[in-house]
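In: output the structure for:
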Amino acid sequence: MATRQTSLRKMLAFWLGAMIVLPTLPLAVITWYGYRNEVRQFERQLQETNRQFTVLGGMLLGGILLDVAQRLERVDLDTLKQGDLPFDHAEIVSTDGILLASTLNPEEIGKKRLDSHTWRTIQGLGSRPFEITDVANVPGLDEGRVLLRVAPMGNDEQYRIGVLAPDYLRYHLTSRFQSLINRHIYAIDTKGAPIFYSHPELTRSPDQFRRNRPVQVFLEGKEGPVGYKSALSGRNRLGYVSLMPETGWGIVASADIVESMLDIRDRFTWLIVVLIVSGALALLIFFLFSSRLVFPLSELARDIRKRDRDLHAPVKAPESIDRIRELSQLVEDLNAYIDHCVAAERKTVQAEKMATLGELTTGLAHELGTPLNVIRGRAQWVKRKIPGEAETQVALDGIVRQTERITGLIRNLLDIARLKQVTPEYIDLRHLLQKAWNLAAEMHPGVRCEFSFPDTDVTVYARRRPMEHAVLNLFTNACQAMGGEGRLFVRIERPDVSGPWRIEIEDTGPGIPPEHLGEIFKPFFSTKSAGEGSGLGLALVERVIRENGGSVSALSESGKGAVFEITLPYSSDPASKA
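Out: A predicted model of the protein is given here:
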């Protein structure tokens, strides 16, 4: 059963995230819960206070109206400007509309005035009734005022009219509510116009004033708490709207929403508790993290450092490491590196063998070259001197062939041991392959060759003579494997536009047994019968291709032919672009 793995990155993110979230989550929940409770409690208290202010403000405003009515009955218009009165102007008008006296427009006295105001009767407490208007435009004044009319006792032929003073109302009403910051209280008439406002400059924009949410609630005939963003100041506020049944007016009290102060002692007590719990959780998480990652790594390091460990043997990872993908991959890479080192060591030994072979070959070439030339020369001389004897001629031909074979063998050994240092050049692979095949076709006329070349530039940077020798060797081996009769397929392709060229030479011969595929490029290995091959051809091919930056491999199945695949790096000829 396969062990389930997880990414080290995901594990680190999970544990570190847990270390952050677990300590802070309880603190955040407790803080938020306490904050919301306190805010709701503060808002309830604020609205209750606003409600009480509106009730008190309505009572005070009603008392001021009654005081205005009583004073108008007794006031002497000549001394109206003296003292602290709830109205700053007064007039006496007869019942038929003639202005009898006025502190506002004395020039209009004696003239008849048309009364365009809508009066509403208010029943005074224990006194005679009086009448009031909504906020109305008064000639001679810049801003609208509320008018109050009362008939003096014992005189039914005239009315006394008073113009309420907003400053008096503002002072006597708002001075009672200055204990809280940013507290506003104001009265509005039945049309939503401000009768007075705690900030007088804001009443100069009546249209903007009517867009305020409390005013809209009042105009809808409702009362009660309301939360809103002020159209005047742009701040979030809580307000309360109350109705004055006697006048039909509204009283509004509002305040900015502010956070109440929390109990610092309780907050810090909870904070300390949460930090202690968070610290304990962090220690637990650290222990779990160490047991999942640090301990397996330590165990792996101890296994690698064992003195009696075979350096060529793969590292055996503990089960705890197999659960972590990156650590498991690390062990696989380490074992791959060990395999690579073992292979490199084998190549080093092979290189030493090749160096020894070169020295031996050089010595043999010098020691055997001259005697072989003498033997071949003497055999050819005797052959020319003793003609006609068939048996003697056959024997002499055998001597010449064998000496030439030995000479060729020595030449191949010299080629493998030390290839001549030929200067590399830009080579067109199509021309090289066609030229090599033309040489092979002369020796094997029964073999047909089919080429498949791309239309693009097929250029490599390599040593021409060794490459021609190597390709000719592959063609010759393929023709010999097919017994001189068959078909040969030569293809050049480049699967990746940024990759190397791939050359495939495929024959229709009997193929190479699977057990021989890994040995065919080794020196002196051959599947041919004794006397038919030296086993040095493919070794020479492998070395030539490798020294030109490429590689060669073979694929085959018994009875289905063989494919030799060569890869060579692409290199564009600068001269072709000139």
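
In: any idea how far stretch 469-479 is from the chain center?
Out: Relative to its chain's centre, stretch 469-479 lies at 56 Å (CA atoms, centre = their mean, to the nearest Å).

In: ok, stretch 324-342 next?
Out: Mean-position distance between stretch 324-342 and its chain equals 31 Å (CA atoms, centre = their mean).

In: and if you look at stretch 99-115?
Out: Worked out by CA atoms, centre = their mean, stretch 99-115 lies 81 Å from the chain centre.

In: same thing with stretch 546-565?
Out: Distance of stretch 546-565 from the chain centroid (CA atoms, centre = their mean) equals 46 Å.

In: all numbers from here: first residue = 46
Out: Sure, I'll start numbering at 46, so the last one becomes stretch 591-610.

In: so what touches it?
Out: Where contact means CB atoms under 8 Å, 6 or more residues apart in numbering, the residues beyond stretch 591-610 that reach it are 464, 469, 505, 507-508, 511-512, 519, 523, 526, 545, 547-559, 562, 565-566, 586-587, 590, 611-614. Bear in mind the C-beta positions are built from the backbone N, C-alpha and C, glycine included.

In: stretch 156-170 too?
Out: Here stretch 156-170 has contacts from 110-111, 114, 138, 141-144, 174-179, 181, 192, 194, 291-293, using CB under 8 Å, 6+ apart.

In: mind checking the backbone torsions on the nearest residue to residue 254 once chain neighbours are set aside?
Out: Residue nearest to residue 254 in three dimensions, not counting chain neighbours: residue 239, with 5.8 Å by CB to CB, 6 or more residues apart in numbering. Phi and psi for residue 239, reported as degrees, to the nearest 10, are phi -70, psi 120.

In: on the pLDDT front, check residue 239 for me.
Out: If you check residue 239, the pLDDT there is 88.

In: low-scoring stretches of the stretch 346-495 of the chain, by residue?
Out: Flagging of the stretch 346-495 of the chain using pLDDT under 70 yields the residue ranges 352-357, 362-367, 389, 391-412, 414, 431-434, 450, 453-467.

In: ok, which stretches of it are strands?
Out: Remark: strands assigned in the stretch 346-495 of the chain by DSSP state E, counting those that start in this stretch are 470-473, 492-497.

In: residues contacting the last one, please?
Out: Put plainly, it is strand 492-497. 475, 478-479, 482, 485-486, 523-524, 527, 529-538.

In: the next helix or strand after that strand - what's its average pLDDT?
Out: The helix or strand immediately downstream of strand 492-497 is strand 504-507, counting by DSSP states H and E. For strand 504-507, the mean per-residue pLDDT is 86.

In: which elements pack onto strand 504-507?
Out: Packing partners of strand 504-507 (3 or more CB pairs under 8 Å, 6 or more residues apart in numbering; DSSP states H and E): strand 470-473.

In: please point out which parts of the strand it packs on sit buried.
Out: 471, 472 (16 or more other CB atoms under 10 Å).

In: quick one: strands adjacent to it?
Out: Sheet pairing of strand 470-473 (DSSP bridges) gives strand 504-507 (antiparallel).

In: quick one on the thing from earlier: which ones among the contacts of stretch 156-170 lie within helices?
Out: Among the contacts of stretch 156-170, the residues falling in helices (DSSP state H) are 110, 111, 114.

In: on that earlier part again, the residue nearest to residue 254 and residue 215, how far apart?
Out: As judged by CB to CB, to the nearest Å, residue 239 and residue 215 stand 10 Å apart.

In: the two - which one has more neighbours?
Out: Taking other CB atoms under 10 Å, residue 239 and residue 215 do not tie; residue 239 has more neighbours (24 against 20).

In: where does pLDDT dip in the stretch 496-623 of the chain?
Out: Checking the stretch 496-623 of the chain against pLDDT under 70 turns up 568-582, 618-623.

In: all strands for it, in order.
Out: So, for the stretch 496-623 of the chain - with DSSP E, counting those that start in this stretch - the strands run 504-507, 531-538, 546-552, 596-601, 607-613.

In: adding distance to residue 229 and mean neighbour count, write those strands out as JSON lines.
Out: Listed next are these as JSON lines, based on distance: least, CB to CB, whole Å; neighbours: other CB atoms under 10 Å:
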{"stretch": "strand 504-507", "distance to residue 229": "89", "mean neighbour count": "20"}
{"stretch": "strand 531-538", "distance to residue 229": "87", "mean neighbour count": "18"}
{"stretch": "strand 546-552", "distance to residue 229": "87", "mean neighbour count": "20"}
{"stretch": "strand 596-601", "distance to residue 229": "89", "mean neighbour count": "17"}
{"stretch": "strand 607-613", "distance to residue 229": "88", "mean neighbour count": "20"}
